[in-house]
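J.: Show me the folded form of this:
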Amino acid sequence: MESPFKSDVVKGKVALITGGGSGIGFEIASQFGKHGASIAIMGRRKQVLDDAVSSLRSLGIPAIGFEGDVRKQEDAKRVVESTYQHFGKIDILVNAAAGNFLVAAEDLSPNGFRTVLDIDAVGTFNMCHSALKYLKKGAPGRDLSSGGGSIINISATLHYTACWYQIHVSAAKAAIDATTRNLALEWGTDYDIRVNGIAPGPIGDTPGMSKLGPEEIETTTPREDMPLYKYGEKWDIAMAALYLSCVSGKYVNGQTMVVDGGCWLSKPRHLPKEAVKQFSRVVEKRSRAKPTSKL
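T.: Numbering: from 1, shown residues only. The predicted structure follows:
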């Protein structure tokens with residue numbers, strides 16, 4: 001799809017994306033690169049990283065990959081500093097690394113719960129904490145007039161209500177949203193850094209969907225009660241990330257943008273629309289027929 005943004009909207013910026021070797025993270029990396037940014041991606045699988053970097057470079061995008069585990073503070077610090085050493089600055093941090101799987105709460109081990117919290121929530125904080133000195137106003141490589149950088153944390157909508165077999169992820173994403181708001185308050189005030197989030201809905205052709213909606217339990221089309229009756233695309237999330245990172249989003253801070261087609265609002269339709277109209281007429285006639293009580 002054609003981008004609504006100018007091709008140079010993030011020209012000259014350097015973006016570090018965790019989980020950038022595949023799925024949503026890679027699409028964000030690709031779109032940032034196509035719009036002028038230099039790209040560093042971080043992940044745990046060397047082959048995935050190498051393939052992703054090769055793909056980005058084939059598009060003429062300056063790109064480099066770093067192996068690392070966001071759960072480890074030393075890895076976070078090493079990758080952030082290596083990105084700075086390679087490109088001379090860091091303008092944008094996107095925390096897209098995540099862990100997920102379906103499991104009933106009673107079957108989820110404490111270690112499994114902790115693992116997802118560590119990847120999503122602790123990993124997000126580790127990366128933010130390590131990147132602070134390069135993102136803040138006046139940081140090495142940053143012009144004082146340019147202000148601070150931007151952080152985008154990839155979240156979800158699971159914890160807005162509740163979600164079957166996702167207690168571990170719901171808890172982790174709730175922690176990410178709280179982290180986003182608190183850092184937006186503190187670092188926006190002290191360092192001119194904008195911190196926002198994106199909460200994707202069901203996005204087709206991603207590793208997450210292959211785990212949460214495997215073909216063994218997935219129907220041929222999305223659920224009928226989804227408002228837009230379709231899955232989103234990785235491109236949708238990348239466009240939201242571009243908006244939050246460029247001048248268009250310069251006054252947006254502390255927000256988590258829901259990009260899910262209204263899916264989290266959906267509930268099963270108990271009655272078809274025609275039945276609602278029919279019953280409404282009956283109820284209206286009945287109410288009109290009743291005598292008005294006198295006070």
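J.: where along the stretch 1-150 of the chain do the helices fall?
T.: With DSSP state H, counting those that start in this stretch, the ranges of helices along the stretch 1-150 of the chain come out as 23-34, 46-58, 73-87, 110-117, 123-135.
J.: Now tabulate those in CSV and tack on mean neighbour count, distance to residue 252 and mean pLDDT.
T.: Using the backbone N, CA and C atoms, a C-beta is placed for each residue, glycine as well. Listed next are these as CSV, based on neighbours: other Cβ atoms under 10 Å; distance: least, Cβ to Cβ, whole Å; pLDDT from 0 to 100:
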stretch, mean neighbour count, distance to residue 252, mean pLDDT
helix 23-34, 25, 17, 97
helix 46-58, 16, 27, 97
helix 73-87, 18, 24, 98
helix 110-117, 14, 27, 97
helix 123-135, 22, 16, 98
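J.: for the protein, longest helix please?
T.: helix 167-191 (DSSP state H).
J.: Looking at that one now, give me its mean pLDDT.
T.: If you average the pLDDT over helix 167-191, you get 97.
J.: among the helices of the stretch 1-150 of the chain, which is nearest residue 237?
T.: Evaluated with Cβ to Cβ, the helices of the stretch 1-150 of the chain place helix 23-34 nearest to residue 237, the distance being 5.1 Å.
J.: Could you tell me the angle between the closest one and helix 46-58?
T.: Here the directions of helix 23-34 and helix 46-58 differ by 30 degrees (axes from the mean of the first three to the mean of the last three Cα atoms, to 10 degrees).
J.: Point out the other helices and strands that helix 23-34 packs with.
T.: On a contact count with 3 or more Cβ pairs under 8 Å, 6 or more residues apart in numbering; DSSP states H and E, helix 23-34 meets strand 14-18, strand 38-43, helix 46-58, strand 92-95, helix 207-212, helix 234-245.
J.: which of the residues in the longest helix of the chain are buried?
T.: Of all the residues in helix 167-191, those buried under the rule 16 or more other Cβ atoms under 10 Å are 167-177, 179-181, 183-184, 187, 191.
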